[in-house]
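Participant: Just to be clear, the model below is a prediction. Sequence and coordinates:
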Amino acid sequence: MEQNNIIFNPINYNILILEDSTSINKILTEEFKELNYNCFSAFTLKEAYKILYNNDIHYIMLDLNLPDGDGSEIIQKFQDSNTKIFVLTAENSRAFIDDSYKKGIIDFIHKDKDFFHKIEEITKTIERLEKNKLSTILVVDDSKVIQIQLKELLENRHYKVQVCADTTDAKKYIEKETINLIILDVQLKNSNGLTFLQENKVAIINKKKIPVIVISGQIDSSIIRDGLKAGAVDVIQKPYVTEEIILKVDLWIDYKRKEEEIEKSSKLLNQYKETVDRSSIVYKTNPKGEIIYVNSEFCKVSEYSEKELLGEKLSILRHKDMKEEFFKKLWNTIKEKKKPWKGKIKNRKKSGKTFWISTIINPILDSQNNVIEYIAISKDITQNEMVQDFFKNQLSTSNQNLEHAISKANEYKKAMYSSNIISRTDLDGKITFVNDQFCIISGYTREELIGEGHNIVRHEDMKVEIFQDLWRTIKKDKIWKGILKNKGKKGNTYWVDTTIVPIKDKNNNIIEYMSIRNDLTELFELHDEIENTQKEIIYRMGEIGETRSNETGNHVKRVALYSKLLAELHGLDDENTDLLFTASPMHDIGKVGIPDAILKKPAKLTKNEFEFMKTHAEIGYNILKGSQRKVLKAAAIVSYEHHEKWNGEGYPRGLKGEEIHIFGRITAIADVFDALGSQRCYKKAWPNKKILEYFEEEKGVSFDPNLVNLFFENKEKFIEIRDQYAD
């Protein structure tokens, strides 16, 4: 069952700010309104009760010290209601906080120097609480007291909670219901929770992928070991700290949601592929040009079966009219320059008939910039080409009756104008004619276009050099062909496959230019959607890695931005810079394979624990290395090499100097800079001066000295990124 069917919109929720400080109340109210919540403001209990009486309030931001009474009165009154409370407090007492959680408080927002930066976290918590309504937690514990405590505690956070006292009932629930998390006691009256988990690991952990948190009155190394080996995600000792169990339940439910988001995105990506396969002609070749994949549309248009095509070269389709020079230029573009090629190809079907396709051929590269394969997405344009050829032949026939020729010409003109986007210009490029298709795609009326230049639809992404080449070509009485990105009247982007033909009079002088276009927008949008979906999946996977170690999503974002900046400063080209920016969030994905007992340990790790922790680099590499996608291959390199050191004393392989891939060297600096400047459960954030001293000491030891110099020369830019995306 998907957990993300609730579409969260802040406008659907009413928030009451109950705070007697005028400045704090005003700032909070304005901030929440800016986030689109419906906000109410009160400074006293009396004002608050009036608002609560007349409005359905979903969440209260509550100050306990009010002029006309104690805010705890509100907590007591709404303890068992659907109105949830966040406490604004300077109180840090552990006992006070634990007791308040038991009374239904959602969270504590401490009034410290970072108070106003926590508002975004509040709204994320509210969103999670609303999504919790779709999550079911099974509590397996034979203590009625603990059953009631956990049920009240978790239902207060909108979870659906099922409780049972033995493993027999638990197994029935798991088989029949959709369970999103299990809290399992070890010492049950008639059975042992760990034995139950070991015996049902395949069904619970492997098939249903349900996170299990084990709780036990006694915890020793054997219980921790057996619990983790049986598939539990954590082991908590009873009596548990209320805040701890809330945080860990929320963490693993959120982790499960993100797993489902990735699965959903993967399914969506496959659907996009199926959509392209159904709507376009698609084929792939290996670097030698041998066909390794064709879709049904390719087989249909070529009249060959898949079996007849696989392993063959595309020359099986070559038409005698296509010159060798044409294909030399095509292969030079995709093989030598490793750039996409766009154009039209005349082919021959199995039956000998002709067909034309408009094609985009894209070389797929690995992290070493080697071609893995070529993929082509094409559109059948046979009808348009045949109409144009016939139109040209009919007009050039000298022995045809003039009246008949004019009539034929008008009919073919009508056919061409109805199926293509047509415009004509004078010698200065001023538009003299557009057909209806031009007006429809551009959004401009004919009156708005006539007399204007084509720059009225020019997209700012198109380089000036393209149009300079265009004009050089057509002024030499040659036909220009290319794909142009245009902008409509309403700012919409569209792509057109364009042919511009010089039109001459009887004396062979150019009198105007005609432009014939085919709309390729859907093809380009599908390509962009597929690429963006891949990047989203990669970023989400990076977030999962950080969630496992209690890092924030902003750590992933900052490391990506540092890596991109350092890559640009180092002089990497745009393609590799973008590749590293997309791949670097996956640097710690291998941490999904490290047990919580090690990963989240607040104290210093033992030697054996640290050796186990170091395996996350190789785990991440093994997860990613099998992919042929260049972004995932780059992510595999980053995961594998970002802990290698310049002097060869890093891990996992002890690479030295430039043996370490530039992606690994850059990400190492980005990751360490962010780690030192961020607070962790085991350390405080370092001041800037101490961080810079560390990098100076480690230049040429841990880190590439040239990259460290670039870092020092531009340190303000790195600090600016860290401050902009602070946790």
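Facilitator: All right, it came through fine.
Participant: so where's the chain shaky on pLDDT?
Facilitator: Where the chain drops to pLDDT under 70, the residues are 1-6, 91-96, 98, 268-279, 387-419, 523, 525-553, 680-683, 727.
Participant: domain assignment for it?
Facilitator: Taking automatic domain parsing as the reference, the chain has its domains at 10-122, 135-240, 280-380, 420-519, 526-724.
Participant: First-to-last residue distance for the fourth one?
Facilitator: What that stands for is domain 420-519. Using CA to CA, to the nearest Å, one end of domain 420-519 lies 8 Å from the other.
Participant: what's the answer for the first one, then?
Facilitator: Looking at domain 10-122, the gap from its leading to its trailing residue is 12 Å under the measure CA to CA.
Participant: All further residue positions should be reported with the first residue as 43.
Facilitator: Okay, using 43 as the starting number, the last item reads as domain 52-164.
Participant: quick revisit: so for residue 293, which of the domains of the chain sits nearest?
Facilitator: domain 568-766 (6.9 Å; CB to CB). All C-beta atoms are positioned from the backbone trio N, CA, C, and that covers glycine.
Participant: where do the helices sit along the stretch 393-542 of the chain?
Facilitator: In the stretch 393-542 of the chain, the segments counted as helices under DSSP state H, counting those that start in this stretch are 424-438, 444-461, 478-484, 488-491, 506-517.
Participant: before we move on, back to that, quick one: the domains of the chain as TSV, columns for distance to residue 298 and mean neighbour count too.
Facilitator: Listed next are these as TSV, based on distance: least, CB to CB, whole Å; neighbours: other CB atoms under 10 Å:
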stretch	distance to residue 298	mean neighbour count
domain 52-164	20	16
domain 177-282	6	18
domain 322-422	31	16
domain 462-561	38	15
domain 568-766	10	18
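Participant: so who does residue 670 touch?
Facilitator: 406, 408, 414, 415 (CB atoms under 8 Å, 6 or more residues apart in numbering).
Participant: Tell me the one of these nearest residue 159?
Facilitator: Nearest to residue 159, judged by CB to CB, of the contacts of residue 670 is residue 408 at 41.5 Å.
Participant: what separates the closest one from residue 111, distance-wise?
Facilitator: According to CB to CB, to the nearest Å, residue 408 stands 68 Å off from residue 111.
Participant: How about residue 96?
Facilitator: The gap separating residue 96 from residue 111 is 20 Å, by CB to CB.
Participant: Repeat that for residue 322.
Facilitator: For residue 322, the distance to residue 111 equals 69 Å [CB to CB].
Participant: what sits against residue 732?
Facilitator: Residue 732 touches residue 718, counting by CB under 8 Å, 6+ apart.
Participant: Any idea how far apart the tips of stretch 179-187 sit?
Facilitator: Note: stretch 179-187 ends 17 Å apart using CA to CA.
Participant: What of stretch 464-483?
Facilitator: For stretch 464-483, the first-to-last residue distance is 11 Å (CA to CA).
Participant: What is the distance between it and the centre of its chain?
Facilitator: Its chain's C-alpha centre lies 40 Å from the corresponding centre of stretch 464-483 when counted by CA atoms, centre = their mean, to the nearest Å.
Participant: what residues does it touch?
Facilitator: 458-460, 462-463, 487-488, 491-496, 513, 530, 536, 538, 545, 552-559, 561.
Participant: Next step: these restricted to strands.
Facilitator: 463, 536, 538, 545, 552-559, 561 (DSSP state E).
Participant: what two of these are the furthest from one another?
Facilitator: 536 and 553 (28.9 Å).
Participant: after whichever helix or strand residue 566 is part of, next one along is what?
Facilitator: According to DSSP states H and E, residue 566 maps onto helix 563-590. Once the chain leaves helix 563-590, the next helix or strand it forms, by DSSP H and E, is helix 595-612.
Participant: can you give me the helices for the stretch 143-292 of the chain?
Facilitator: 161-173, 186-197, 209-218, 235-241, 243, 263-271, 284-321.
Participant: Touching the fifth one from outside, list them.
Facilitator: If I follow you right, that is helix 243. Identification of contacts with helix 243 by CB under 8 Å, 6+ apart yields 272, 273.
Participant: Equivalent analysis for stretch 512-524, please.
Facilitator: 384-386, 471, 508, 511, 540-544, 546, 552, 555.
Participant: Got the phi and psi for the closest residue to residue 112 other than its chain neighbours?
Facilitator: Nearest residue to residue 112, sequence neighbours excluded (CB to CB, 6 or more residues apart in numbering): residue 106, at 6.5 Å. Dihedral pair for residue 106: phi -80, psi -30, per degrees, to the nearest 10.
Participant: ok, residue 106 touching residue 128?
Facilitator: No - taking CB atoms under 8 Å as the definition, residue 106 is not a contact partner of residue 128, at 11.7 Å.
Participant: where do the helices sit along the stretch 643-769 of the chain?
Facilitator: All helices of the stretch 643-769 of the chain, identified by DSSP H, counting those that start in this stretch, fall at 649-656, 658-666, 672-683, 704-718, 730-740, 747-755, 757-766.
Participant: Enumerate every residue touching residue 625.
Facilitator: 580, 673, 674, 676, 677, 679, 680, 705.
Participant: can you tell me how far it sits from residue 99?
Facilitator: Using CB to CB, residue 625 is found at 45 Å from residue 99.
Participant: How about residue 339?
Facilitator: Distance, residue 339 to residue 99, by CB to CB: 57 Å.
Participant: again with residue 492
Facilitator: Taken as CB to CB, the span from residue 492 to residue 99 is 60 Å.
Participant: With adjacent residues omitted, what lies nearest to residue 142?
Facilitator: residue 129 (6.6 Å).
Participant: With just CA atoms, put whatever helix or strand residue 65 lives in into PDB.
Facilitator: Secondary structure assigned from DSSP H and E places residue 65 in helix 64-76. The C-alpha trace of helix 64-76 is given here as PDB (Å, rounded to 0.1, in the frame of the first residue of the first chain):
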ATOM      1  CA  THR A  64       4.300  40.500  20.700                       C
ATOM      2  CA  SER A  65       7.400  40.200  18.500                       C
ATOM      3  CA  ILE A  66       7.600  36.400  18.600                       C
ATOM      4  CA  ASN A  67       3.900  36.100  18.000                       C
ATOM      5  CA  LYS A  68       4.000  38.400  15.000                       C
ATOM      6  CA  ILE A  69       7.000  36.800  13.400                       C
ATOM      7  CA  LEU A  70       5.500  33.300  13.900                       C
ATOM      8  CA  THR A  71       2.200  34.300  12.400                       C
ATOM      9  CA  GLU A  72       3.800  36.000   9.400                       C
ATOM     10  CA  GLU A  73       6.100  33.000   8.800                       C
ATOM     11  CA  PHE A  74       3.200  30.500   8.900                       C
ATOM     12  CA  LYS A  75       1.100  32.600   6.700                       C
ATOM     13  CA  GLU A  76       4.000  32.800   4.200                       C
END
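Participant: next one: that helix to chain centre, how far?
Facilitator: Chain-centre distance of helix 64-76: 32 Å, with CA atoms, centre = their mean.
Participant: With stretch 411-419 instead?
Facilitator: 23 Å.
Participant: which residues are in contact with it?
Facilitator: Residues outside stretch 411-419 that contact it (CB under 8 Å, 6+ apart): 318, 322-329, 331, 334, 376-377, 380, 401-408, 565, 568-569, 618, 670, 672.
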